[in-house]
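**Q** next comes the sequence, and after it the predicted model I'd like to discuss.
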Amino acid sequence: MDSSEPKHQRRVRYKGTHPKTFRAKYKELQPERYKETIDKIIKKGNTPAGMHRSICVDEIMNFLDIKSGQIGFDATLGYGGHSQEMLKRLNNNGHLYAVDKDPIEMRKTQERLNNLGYDSRILTVENIDFSDIDIVCAVSGKFNFVLADLGVSSMQIDNPERGFSYKIDGPLDLRMNPKQGIPAYQRLRSMNSEEIEGMLIENADEPYAREIAEEITQHYQNGNEITTTTQLRNIIEKALDFIPKSTKSDDIKKSCQRTFQAIRIDINHEFHSLFDFLEKLPEVLAENGKVAILSFHSGEDRLVKKAFKQGYKEGIYKVISPEPIRPSMEEQSSNSRARSAKLRWAIRN
Ligand SMILES: C[S@@+](CC[C@H](N)C(=O)[O-])C[C@H]1O[C@@H](n2cnc3c(N)ncnc32)[C@H](O)[C@@H]1O
């Protein structure tokens, strides 16, 4: 090389201006102060950190047709988007009982709603499982409207400390209520290969259930532990290494999603809760009371469909949704989390 040529200087890597960690997303976590940033993120089709975008709001509100003075139950408070719409329609008269299993997000949402003027005169928030709807009903009286928006919120998924996402490193926990039950890493450790395989098939229709279950148990047999989301993701990648290159990355992504979903359902006893809730609905709905349920995977939708059909046959419900309602194409393209949503409803006789 000609010594007169300037020596190549390594460019300092641009670190970017966007915060990379959840905690560092300070602007998104203070939506009141950074409205413009939040609007930009939503416009791009993403969900800002610390927020949840409610799905099928118009479809649900049109169906529930809430009247001032009514009594309602929001089974899944989350970020409170649906609750806020319900409260608006109650127009300072009536009462909304809203519950959530997650004490962490529930408190923040309760505070936000209280700050909007929805206090204990119109809103009661409780940290319980929605399968205890009958306990609430014993105090409130029968409900004119009930909504359940199943699954987890964006705030839960995006928080690495909760361990809900394979995309961010964190403890493999996945509990909606971290004070109840055992974290996913303990549960997984206690299962044998067959049980893990069954869980992956039953809770998420995972096509590579056997390969993943065997890799997990092999990992334990080699004296290793799985305590983080990244460790589990690496194991799934290893189990699916045989997949041809052309589809490998996409297949691994889908299997990671399904595996985390299956474990989440197991850890939080989601099917049990939904089953009990569906069984109790006829007792807690007032005459002409309306119920709407948003589900996000086939296992949930099957349970809802079966319960409503059975109730209709027995004359408990006078009308049920003939087909599941899907979010509009516009909503699906602007919010990826809406793509798998199915809404079913029923009206009590
Ligand atoms: C999809 S989010 C609800 C979002 C909410 N509709 C909104 O507009 O912001 C689901 C919420 O339900 C809660 N959840 C899930 N299963 C539950 C159960 N069995 N009992 C009570 N809450 C539950 C989760 O903790 C989560 O906060």
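**A** Great, that's in hand.
**Q** the stretch 51-200 of the chain against the ligand: which residues are in contact?
**A** For the stretch 51-200 of the chain, the residues in contact with the ligand under the definition CB under 6 Å from any ligand atom are 52, 54, 76, 78-82, 99-102, 105, 129-130, 149, 151-153, 176. In short, each C-beta sits where N, CA and C put it, glycine included.
**Q** which of the residues you listed fall in strands?
**A** Secondary structure defined by DSSP state E assigns V99, D149 of these to strands.
**Q** burial of H219, as a residue count?
**A** The number of residues packed around H219, counting by other CB atoms under 10 Å, is 18.
**Q** need the helices for the stretch 101-250 of the chain, in chain order.
**A** Taking DSSP state H, counting those that start in this stretch to define them, one finds helices in the stretch 101-250 of the chain at 103-115, 133-140, 154-158, 184-189, 193-204, 209-221, 229-239, 245-267.
**Q** now these in a markdown table, with distance to Q70 and mean pLDDT?
**A** As requested, these are exported to a markdown table (distance: least, CB to CB, whole Å; pLDDT from 0 to 100):
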| stretch | distance to Q70 | mean pLDDT |
| --- | --- | --- |
| helix 103-115 | 18 | 97 |
| helix 133-140 | 11 | 98 |
| helix 154-158 | 28 | 94 |
| helix 184-189 | 39 | 98 |
| helix 193-204 | 35 | 96 |
| helix 209-221 | 45 | 98 |
| helix 229-239 | 42 | 98 |
| helix 245-267 | 32 | 97 |
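**Q** what's the closest of the ones you listed to S333?
**A** If you check each of the helices of the stretch 101-250 of the chain against S333 by CB to CB, helix 154-158 wins as the nearest, at 17.1 Å.
**Q** can you name the residues in contact with that closest one?
**A** The set of residues external to helix 154-158 that reach it, using CB atoms under 8 Å, 6 or more residues apart in numbering, is 22, 47, 49-53, 78-79, 102, 105, 162, 164-165, 168, 176, 337.
**Q** point me to the residue of the stretch 1-150 of the chain nearest the ligand.
**A** G78 (2.4 Å; CB to the nearest ligand atom).
**Q** how near is the closest residue to that residue other than its chain neighbours to R258?
**A** Leaving out its chain neighbours, the residue that sits closest to G78 by CB to CB, 6 or more residues apart in numbering is S153, at 4.2 Å. As defined by CB to CB, to the nearest Å, S153 lies at a distance of 19 Å from R258.
**Q** and D301, by the same measure?
**A** D301 is 16 Å from R258, where distance means CB to CB.
**Q** now do G69
**A** Separation of G69 from R258 (CB to CB) stands at 44 Å.
**Q** specify which residue of the two has the higher count of neighbours.
**A** It is R258, of G69 and R258, that has more neighbours when counted by other CB under 10 Å, with 22 against 12.
**Q** distance of the closest residue to the more buried one other than its chain neighbours from the ligand?
**A** In space, and not counting its chain neighbours, R258 is closest to A204: 3.8 Å by CB to CB, 6+ apart. With the distance defined as CB to the nearest ligand atom, to the nearest Å, A204 ends up 16 Å from the ligand.
**Q** contacting residues for A204?
**A** A204 is in contact with R258, T259, Q261, A262, I265, H297, G299, counting by CB under 8 Å, 6+ apart.
**Q** pLDDT score for T17?
**A** If you check T17, the pLDDT there is 42.
**Q** what's the answer for S4, then?
**A** On the pLDDT scale, S4 is placed at 50.
**Q** ok, now N62?
**A** The pLDDT attached to N62 in the predicted structure is 98.
**Q** 409 is where my numbering starts, stick with that
**A** I'll keep to 409 as the first residue from here, and by that count the last item is N470.
**Q** quick one: list the elements packing against the one helix or strand it maps to.
**A** Assigned by DSSP states H and E, N470 falls within helix 465-472. Contact analysis of helix 465-472 by 3 or more CB pairs under 8 Å, 6 or more residues apart in numbering; DSSP states H and E lists helix 489-498, strand 551-557, strand 693-703, strand 750-756 as its packing neighbours.
**Q** same thing but 7 Å
**A** Contact partners of helix 465-472 among helices and strands, from 3 or more CB pairs under 7 Å, 6 or more residues apart in numbering; DSSP states H and E: helix 489-498, strand 693-703, strand 750-756.
**Q** could I get these as TSV with mean pLDDT?
**A** Conversion of the helices and strands packed on helix 465-472 to TSV gives the following (pLDDT from 0 to 100):
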stretch	mean pLDDT
helix 489-498	98
strand 693-703	98
strand 750-756	98
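**Q** can you give the domain ranges for the chain?
**A** Structural domains annotated on the chain: 465-562+678-756, 585-675, as defined by automatic domain parsing.
**Q** just put those domains in a markdown table and tack on distance to E444.
**A** Formatted as a markdown table, these follow (distance: least, CB to CB, whole Å):
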| stretch | distance to E444 |
| --- | --- |
| domain 465-562+678-756 | 18 |
| domain 585-675 | 32 |
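**Q** what about L504, which SS state?
**A** The assignment at L504 comes out as strand when based on DSSP: H, G, I helix; E, B strand; the rest coil.
**Q** specify the beta-bridge partners of it.
**A** The residues paired with L504 through beta bridges, assigned by DSSP bridges, are G480, L531.
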